[in-house]
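# one predicted model, sequence on top.
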Amino acid sequence: MLTLTLDGSRIHGITSLYDELNRVFMRGEDWTLGPSLDALDDLLHGGYGALNGHERARVVLTAHEHVREALGIDATREYLLGKLARPDLFAQPVFREKLARLEAGGGPTYYQTVLEIFAEHPDVELVEA
């Protein structure tokens, strides 16, 4: 089984999460992932990058508590506000609801959403270390 390691100490927010994903998963590719949850989901389907040709993989996320904080409420709020600032591109009611849930303490953080995306791909196991 392929084992990849994400260095959580390199992750300080959403942009640096994708920088780290690109460093680990996209070596040898002539393009990189943009900072998008859809891009993360596509990556985990395989077919390119480090996962290409591997049926199963284990991804070890070091310093996961640091990452949990870096992708916590503040980063999630900033992400949602960014979506709300672009009504021409994003469904405003959806992101207003997500922000309201986050502010009320019931909405998932960006970190939790990343974990959910990994969980949707049982052939790519995420291990928090």
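The structure has been received and is ready for your questions.

# give the contact list for the residue nearest the centre of the chain.
Among the residues of the chain, the one closest to the centroid is V114, at 4.2 Å (CA atoms, centre = their mean). If you count contacts by CB atoms under 8 Å, 6 or more residues apart in numbering, V114 has them with L17, L37, L40, L71. All C-beta spots, glycine's among them, are computed from the backbone N, C-alpha and C.

# may I ask you to confirm that Q112 belongs to a helix?
Yes - looking at Q112 with DSSP: H, G, I helix; E, B strand; the rest coil, it is inside a helix.

# neighbours of it, how many?
As a burial measure, Q112 scores 14 neighbours (other CB atoms under 10 Å).

# and the helices in this protein?
Remark: helices assigned in the chain by DSSP state H are 14-25, 37-44, 64-70, 73-84, 92-103, 110-119.

# kindly reformat those helices as TSV and extend each row with distance to R58.
As requested, those are exported to TSV (distance: least, CB to CB, whole Å):
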stretch	distance to R58
helix 14-25	12
helix 37-44	13
helix 64-70	14
helix 73-84	25
helix 92-103	30
helix 110-119	11
